[in-house]
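*Asks:* Let's see this in three dimensions:
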Amino acid sequence: MAKTHKDGYLIRKISPIDIKKIHDIDDLLNSLKFCGFQGRNLGNAAEILYQMFKDEKCLTILTLSGAMIPAGMGMLICELIDHKLIDVIVSTGANITHDFIDATLNGGHYLGSDNVDDDDLFQHRINRIYDVFLPEDNYDTAESKLLEIIRNRFPDKKIKITPSEFLHIVGTAIEERSVLSTAAKNEIPIFVPAISDSEFALDLVKFTEKEGYDIDFYVLKDIKKFAEIIRNAESCGTFIIGGGVPRNWAQQIYPYIENIEKLKRKDYEFGYKYSVRIHTAIEKDGGLSGCTLSESKSWGKYSLDAKYVSIWCDATIALPILIYGVLQKLNLI
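*Replies:* Below you'll find the predicted structure:
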């Protein structure tokens, strides 16, 4: 590694935040770019997200893990969809389940506490997601609504389609504003690679046992569908909330394309061109959720000249600030 001259390290001084010069969230995020630690990463994330959203040739993929919908982040995602800033969603099954519950009950989650008797909650059939409560009765109501939808849409009791097609059908049947309904209205595909890991899937399995349905999701076809979307895009970027299956599933598509088309790395360069990642995982244990975006370049998942930043922060803090600030910068609010 080449040595750097002393002056090469001391290029710009820290600029302390001047409250008198800050009039909105966009101003705050711009100021944070010249501070330190995760504040600077948040400011840089806003700039990269702005560039990604402004790039008309860039297809933007949102990956969603963690309990974002129960925590109240769903309408933020709807705003991104309605403003045509998100082109594809890759999510956990849990977030989609919670979104469906909220749509069915006009909000199905309650302010709770992490300092509570969980044994007592069990007796009351109240599920706890850290400091959010979800009554088991709400799962029951959502299950009945889901059964009603599939009875109307699949009278022959046979469901043999991809998960993304199924979620589009469910979204079109929902009148209330939600991620599912907003995505369906805007023709935004929702991919849920690990759909069997969700209450949503458990309901469907129950319907095969109790209601006589024949349900078989073609999960591998969704990989082909997503690959075709990526192939047809001039460039792509990711907006990663958390990690897990949604992040890896979205990122693995470039190695898949490389393998299927027998491309040689020295003859091309592709991969995601932008990425903003909000997470709390660390890379030290070798897990996917914590691996750096730079590490992902070694796999061909990101281009060598990609613009990216990671913010180590609870997404319920960083996500609303980022989205509000970037929407201000784009003059959308």
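
*Asks:* drop to CA atoms for contacts and neighbour counts, all remaining ones
*Replies:* Noted.

*Asks:* how close does Phe239 sit to Thr4?
*Replies:* Separation of Phe239 from Thr4 (Cα to Cα, to the nearest Å): 33 Å.

*Asks:* Those two: which has the busier surroundings?
*Replies:* Phe239 (22 against 8; other Cα atoms under 10 Å).

*Asks:* who's in contact with the strand or helix carrying the more buried one?
*Replies:* For Phe239, the element it lies in under DSSP states H and E is strand 235-241. Outside strand 235-241, the residues that touch it by Cα atoms under 8 Å, 6 or more residues apart in numbering are 49, 52, 57-66, 230, 247, 271-279, 315.

*Asks:* what do you get for stretch 143-159?
*Replies:* Applying Cα under 8 Å, 6+ apart, the contact partners of stretch 143-159 are Thr104, Ile169, Val170, Ala173, Asp203, Phe207, Gly212, Tyr213, Asp214, Ile215, Asp216, Phe217.

*Asks:* Can you check what angle separates the helix or strand just after the strand holding Phe239 from strand 235-241?
*Replies:* Of the helices and strands lying after strand 235-241 in sequence (DSSP H and E), the nearest is helix 244-251. Helix 244-251 runs at 170 degrees relative to strand 235-241, counting by axes from the mean of the first three to the mean of the last three Cα atoms, to 10 degrees.

*Asks:* Please shift the residue numbers so they start at 440 in all later answers.
*Replies:* That works, and once the first residue is 440, the last one we named lands at helix 683-690.

*Asks:* Check which helices and strands helix 683-690 is in contact with.
*Replies:* Applying 3 or more Cα pairs under 8 Å, 6 or more residues apart in numbering; DSSP states H and E, we find helix 683-690 packed against strand 497-503, strand 527-530.

*Asks:* what helices or strands is the shortest one leaning on?
*Replies:* Okay, so that is strand 527-530. strand 497-503, strand 629-630, helix 683-690.

*Asks:* First-to-last residue distance for stretch 587-604?
*Replies:* End-to-end distance for stretch 587-604, by Cα to Cα: 18 Å.

*Asks:* how about Leu766, what does it touch?
*Replies:* For Leu766, the contact set (Cα under 8 Å, 6+ apart) comprises Ile772.

*Asks:* Make sure it is indeed in a strand.
*Replies:* No - assignment of Leu766 by DSSP: H, G, I helix; E, B strand; the rest coil gives helix, placing it outside any strand.

*Asks:* about what we covered before: so which of the helices and strands packed on strand 527-530 is the most packed in?
*Replies:* Greatest average neighbour count among those goes to strand 629-630 (a mean of 27), per mean count of other Cα atoms under 10 Å.

*Asks:* can you give me how far that one is from the chain middle?
*Replies:* 10 Å (Cα atoms, centre = their mean, to the nearest Å).

*Asks:* So for it, mean pLDDT?
*Replies:* Averaged across strand 629-630, pLDDT comes to 98.

*Asks:* strands paired with that strand, and their directions?
*Replies:* Within its sheet, strand 629-630 is paired with strand 527-530 (parallel), according to DSSP bridges.
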